[in-house]
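Chemist: Here is my input, please return the structure:
(chains A, B, C and D)
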Protein chains: 2
Amino acid sequence: MKPVKAASTARKPAIKTSKTALPAKAGKQAPGPEPKPYHHGNLRESLLEAADTVLAREGALGITLREVAKEAGVSHAAPYHHFASLDDMLAAVAERGFLRLREAMAERAQAVDTGERLLQIAEIYVSSARANPAQFRLMFGPLLARKTEFPPLKVAAESAFGLVHAAARAHDAKNGSELALVCWSFAHGLSNLLIDGAFDGLPMELPAANVLTRQLAQRVLMGVVVA
Amino acid sequence: MKPVKAASTARKPAIKTSKTALPAKAGKQAPGPEPKPYHHGNLRESLLEAADTVLAREGALGITLREVAKEAGVSHAAPYHHFASLDDMLAAVAERGFLRLREAMAERAQAVDTGERLLQIAEIYVSSARANPAQFRLMFGPLLARKTEFPPLKVAAESAFGLVHAAARAHDAKNGSELALVCWSFAHGLSNLLIDGAFDGLPMELPAANVLTRQLAQRVLMGVVVA
DNA sequence: CGCCAAATCTTTCTCTTGTAAAGATTATCA
DNA sequence: TGATAATCTTTACAAGAGAAAGATTTGGCG
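Modeler: Next up is the predicted model:
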């Protein structure tokens, strides 16, 4: 699959924020079907968007450097000028996922009641995972375990958790950290099990996923009934 | 990576439980360094063990058909007589993982107190994941979402959950199912986050993983403090 | 303005990997 | 014993990651 050796000593991609804007679409006289400039002008961003597209279309398995490059309309070697490797690109995709997750949580968890806010966070977490399982798997895949290799990913991931932590502290100042870990673990596990279809075909009747989430999250917060 | 097309129409592997036992190690006069019989005799099992070895040695990323075949000492095409594809083999590996997990949980969760039993299950779950992260990732990877394609995997996975379900029902007959889902989700999420290193470098002091597990699991069972 | 260096993109190559096809070897059973 | 099927090997192929080198721009800098 991937040659074992890591980023070699070849010329480094020199990842520089391209200053040039997208070239004006129309040429001088538009002689044919868009001559397409040699320099893309904004390839890095385009690649990330293309990666999102491919990820949603093909699933986590079908995401390929070549496929992404094709989706972005460049040669399969072009990405190497913006990313050190496929993993590096995927890490950037995951990073965006964490940023979006954080944004979504911040945006929707607005309730005044601190407990309700935690419930909303759990709901968003789970529904985000369900909305794009492939991206969720990528975000929490083996890349995350190597986040020290990808500092921006590390920052984004920890920033998302920071939001959970803050909400937990607001709910319980003394045990905020523990509460945050419990909530996060629960929401994360439920998300994973749901998108893995681990519950499918289970010998018990389950409500719809979003209902189930709130129901279980409440139980975690309020404490399970100790019969 | 893998040519898109699925299992083709080629002759089917005719997976039959080989009746012949392992050939006696010593030949007639042992002329050289083990002539090695043409027929392995027990290749399917050997491949699964080799896969476990490779999985533990190389991680989830480095497990390849060819590497496993080499580890088992056969040609890289031999596995196709016992597994329809790489995924099929990995599904079998995952299946064994679920069987072992179930066994481990059944073996250690012996406490008379039903709550304590749930705590022990959580501990086993998490410690199993931490003991062999690659296998855990494989078990709950994208293959699980396709478990209908691999019936034995489906059976093994559901059997493992069945044990959790039983323990939860013992603790709370009325809400056993909900409790089982909560416990499972929590343990699963915590396992994932731990092996992903999601907690590494977090701005809070955490106890050792096994201590943390019990501590948080207690909180889930007893209910978090609603300040 | 003109030119050189660096950045960006392409084509071409190599190596690894999953899988197919066909041939060799051995076991099974009538 | 001899045909048939199962098991294993060798060979072949296509797809993917990444390296190497060449083509095309862009951007300074005189």
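Chemist: After the top helix by length along chain A, heading C-terminal, what element do we hit next?
Modeler: In chain A, ranked by residue count with DSSP state H as the criterion, the top helix is helix A:86-108. Heading C-terminal from helix A:86-108, the first helix or strand you meet, by DSSP states H and E, is helix A:114-131.
Chemist: Now whatever helix or strand comes next after that next one - C-alpha only, CSV.
Modeler: Using DSSP H and E, the helix or strand that follows helix A:114-131 towards the C-terminus is helix A:133-139. Taking Å, rounded to 0.1, in the frame of the first residue of the first chain, the C-alpha atoms of helix A:133-139 are listed here in CSV:
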residue,chain,number,x,y,z
PRO,A,133,-19.3,8.8,9.4
ALA,A,134,-16.3,8.7,7.1
GLN,A,135,-15.1,12.0,8.3
PHE,A,136,-15.7,11.0,11.9
ARG,A,137,-13.7,7.9,11.4
LEU,A,138,-10.9,9.9,9.8
MET,A,139,-10.9,12.4,12.6
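Chemist: And for the residue nearest the centre of chain A, nearest residue in space, chain neighbours not counted?
Modeler: With distances taken as Cα atoms, centre = their mean, A:Gly97 lies nearest the centre of chain A, 2.4 Å away. Residue nearest to A:Gly97 in three dimensions, not counting chain neighbours: A:Met139, with 4.4 Å by Cβ to Cβ, 6 or more residues apart in numbering or on different chains. Where you see a C-beta, it was placed from the backbone N, CA and C, and this is true even at glycine.
Chemist: Spit out the contact partners of that neighbour.
Modeler: A:94, A:97-98, A:101, A:157 (Cβ atoms under 8 Å, 6 or more residues apart in numbering or on different chains).
Chemist: picking up where we left off before, pull the contacting residues for the residue nearest to the centre of chain A.
Modeler: A:135-136, A:138-139.
Chemist: contacting residues around A:Arg219?
Modeler: The contact partners of A:Arg219, taken as Cβ under 8 Å, 6+ apart, are B:178-179, B:182.
Chemist: For it, pull up the helix or strand it's in.
Modeler: Using DSSP H and E, the element containing A:Arg219 is helix A:209-222.
Chemist: orientation of that helix relative to helix A:114-131 in degrees?
Modeler: Angle, helix A:209-222 to helix A:114-131, by axes from the mean of the first three to the mean of the last three Cα atoms, to 10 degrees: 140 degrees.
Chemist: quick one: average pLDDT of helix A:209-222?
Modeler: For helix A:209-222, the mean pLDDT works out to 94.
Chemist: got the buried residues for it?
Modeler: Neighbour counts over helix A:209-222 (16 or more other Cβ atoms under 10 Å in any protein chain shown) mark A:209, A:212-213, A:216-217, A:219-221 as buried.
Chemist: How about stretch A:95-115?
Modeler: Residues A:95-102, A:104-105, A:109, A:115 are the ones in stretch A:95-115 that count as buried (16+ other Cβ under 10 Å).
Chemist: cool, and stretch A:49-66?
Modeler: Neighbour-count burial for stretch A:49-66 flags A:49-52, A:54-55, A:58, A:60, A:63-65 (criterion: 16+ other Cβ under 10 Å).
Chemist: remind me which residues of chain A are low pLDDT?
Modeler: Of all residues in chain A, those with pLDDT under 70 make up the ranges A:1-39, A:223-227.
Chemist: tell me the domain ranges of it?
Modeler: As given by automatic domain parsing, the domain ranges for chain A are A:43-81, A:95-222.
Chemist: how about a markdown table for the ones you listed, with distance to B:His188 added?
Modeler: Formatted as a markdown table, the domains of chain A follow (distance: least, Cβ to Cβ, whole Å):
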| stretch | distance to B:His188 |
| --- | --- |
| domain A:43-81 | 18 |
| domain A:95-222 | 4 |
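Chemist: if we can go back for a sec, between the buried residues of helix A:209-222, which is nearest B:Ala72?
Modeler: Using Cβ to Cβ, A:Ala209 is the member of the buried residues of helix A:209-222 that lies nearest B:Ala72, at 41.2 Å.
Chemist: In space, what's closest to the closest one - neighbours in sequence excluded?
Modeler: Closest to A:Ala209 by Cβ to Cβ, 6+ apart is A:Leu194, at 5.6 Å.
Chemist: ok, back up a step: I'd like to know how far the residue nearest to the centre of chain A sits from B:Gly162.
Modeler: Distance from A:Gly97 to B:Gly162, counting by Cβ to Cβ, to the nearest Å: 34 Å.
Chemist: And A:Val54, by the same measure?
Modeler: Distance, A:Val54 to B:Gly162, by Cβ to Cβ: 38 Å.
Chemist: can you check A:Gln120 too?
Modeler: If you measure A:Gln120 against B:Gly162 using Cβ to Cβ, the figure is 32 Å.
Chemist: Those two: who's more crowded?
Modeler: A:Gln120 (19 against 14; other Cβ atoms under 10 Å in any protein chain shown).
Chemist: Run a quick check on the more buried one versus A:Thr114, I expect a contact.
Modeler: No. Counting by Cβ atoms under 8 Å, A:Gln120 does not reach A:Thr114; the two are 10.7 Å apart.
Chemist: A:Gly197 in helix, strand or coil?
Modeler: The three-state label given to A:Gly197 by DSSP: H, G, I helix; E, B strand; the rest coil is coil.
Chemist: show me the contacts for it.
Modeler: So A:Gly197 contacts B:144-145, B:147 (Cβ under 8 Å, 6+ apart).
Chemist: Redo those residues as JSON lines? Include distance to A:Asn42.
Modeler: Shown next, in JSON lines, are these (distance: Cβ to Cβ, whole Å):
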{"residue": "B:Leu144", "distance to A:Asn42": "38"}
{"residue": "B:Ala145", "distance to A:Asn42": "35"}
{"residue": "B:Lys147", "distance to A:Asn42": "42"}
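Chemist: So which of those residues are in helices?
Modeler: B:144-145.
Chemist: For ChimeraX, what selects the buried ones among the contacts of A:Gly197?
Modeler: A single ChimeraX command selects the buried members of the contacts of A:Gly197 (16+ other Cβ under 10 Å):
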select /B:144,145,147
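Chemist: which of the contacts of A:Gly197 come close to chain A?
Modeler: When contact is defined as Cβ under 8 Å from any Cβ of the partner chain, the contacts of A:Gly197 meet chain A at B:144-145, B:147.
Chemist: for those residues, which one is nearest A:Lys174?
Modeler: The shortest approach to A:Lys174 among the ones next to chain A among the contacts of A:Gly197 belongs to B:Leu144, at 38.0 Å (Cβ to Cβ).
Chemist: Not counting its neighbours along the chain, what's nearest that closest one?
Modeler: Nearest residue to B:Leu144, sequence neighbours excluded (Cβ to Cβ, 6+ apart): A:Asp196, at 4.5 Å.
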